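S.K.: Sharing a sequence plus its predicted fold:
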Amino acid sequence: TWRWVCEQSVGFSDNEDPMVAITKNGTILAGVFKGLSASTDRGCSYTLAGGALADRYVVDLSTEKEAPEHALAIVSNGIGGGKFETRVFESLDDGATWTQAGVDLPQDFLGLSIDAAPSDPQRLYASGRYGAPDYPGAIERSDDRGKTWTRLDIPGSDDKHPPYLSAIDPTDPDRVYVRLDTPDADVLVVSDDAGLTWKTAFQGAGAL
């Protein structure tokens, strides 16, 4: 069964399209322009997170497959001059408290999606794009839960073909799938070596 939840209760309206994740105990997390909105009563009421997440645009959310009480959020806020303050936050208690996972990502990186490898929670992948003049799409990979990041460009990806994480293999942290959002037809690319090289797994035909 389904029931409607008021957008204003969650903390958004108009054309905003929030990311949503549900943790092990049923907490509903929503990433909105105003920050991180959470409900512990099946959507009857929502509370915006304070602290470091207050007034930060939460671009994406995910929960860890093997430990769904663990959640990740990526925030990316413009700071002028084509630069962004992009950070990954983690919660180990169903969204009750949040801390930054590691260090900030590069300021010319606009984050779009975040996920942890199911078989290795130290392995994080963040997708996004870099700045002018070419706006290349890329994966930022961390092998130490965000303490360090490695940039890995995705051929054919840019601001008009932005990359979004689709899946990470449940047993192989090096196999990652990324969807390129294109105006005509989406493309699914896959890497078997943790983002070093990419190949096309599927390409749609016609407008989607």
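M.R.: Looks like it came in fine.

S.K.: which parts of the helix or strand bottoming out on mean pLDDT in the chain are buried?
M.R.: The weakest-scoring helix or strand in the chain, judged by mean pLDDT, DSSP states H and E, is helix 7-10 (a mean of 89). For helix 7-10, the neighbour count (16 or more other CB atoms under 10 Å) marks Val10 as buried. Quick note: C-beta positions are derived from backbone N, CA and C, even for glycine.

S.K.: With stretch 194-203 instead?
M.R.: Buried residues in stretch 194-203 (16+ other CB under 10 Å): 194-195, 198.

S.K.: first to last residue in that stretch, what's the distance?
M.R.: 21 Å (CA to CA, to the nearest Å).

S.K.: give the contact list for Ser157.
M.R.: 129, 136-138, 163, 178, 180 (CB atoms under 8 Å, 6 or more residues apart in numbering).

S.K.: Please apply the same query to Leu53.
M.R.: Going by CB under 8 Å, 6+ apart, the list of residues near Leu53 reads 35-36, 73, 75, 89, 98.

S.K.: pLDDT at it, what is it?
M.R.: If you check Leu53, the pLDDT there is 95.

S.K.: Over to Gly204?
M.R.: 86.

S.K.: what number of residues lie near the residue nearest to it when sequence neighbours are not counted?
M.R.: Of all residues not flanking Gly204 in the chain, Ala185 sits nearest, at 3.4 Å (CB to CB, 6 or more residues apart in numbering). Other residues lying near Ala185 total 13 when counted by other CB atoms under 10 Å.

S.K.: thought Ala185 was touching Ala205?
M.R.: Yes - shown here, Ala185 and Ala205 form a contact pair, counting by CB atoms under 8 Å, at 5.8 Å.

S.K.: I'd like to know how many residues surround Gly50.
M.R.: By other CB under 10 Å, the residues close to Gly50 number 11.

S.K.: hang on, I meant Asp134
M.R.: 10.

S.K.: do the same with Asp184
M.R.: As a burial measure, Asp184 scores 10 neighbours (other CB under 10 Å).

S.K.: Can you name the residues bridging to Leu110?
M.R.: On the basis of DSSP bridges, Leu110 is bridged to Arg129.

S.K.: what residue ranges in the chain score low on pLDDT?
M.R.: Residues of the chain meeting the criterion pLDDT under 70: 206-208.

S.K.: The residue nearest in space to the middle of it sits in which helix or strand?
M.R.: In the chain, the residue lying closest to the centroid (CA atoms, centre = their mean) is Ser113, at 2.3 Å. Element membership for Ser113 (DSSP states H and E) is strand 110-117.

S.K.: Just list what that strand packs against, helices and strands only.
M.R.: Here strand 110-117 touches strand 58-63, strand 71-80, strand 83-91, strand 120-129, strand 163-168, going by 3 or more CB pairs under 8 Å, 6 or more residues apart in numbering; DSSP states H and E.

S.K.: Can you redo the ones you listed as a markdown table, where the extra columns are distance to Ser142?
M.R.: Shown next, in a markdown table, are those (distance: least, CB to CB, whole Å):
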| stretch | distance to Ser142 |
| --- | --- |
| strand 58-63 | 14 |
| strand 71-80 | 11 |
| strand 83-91 | 8 |
| strand 120-129 | 4 |
| strand 163-168 | 13 |
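
S.K.: I am finished for the moment; much appreciated.
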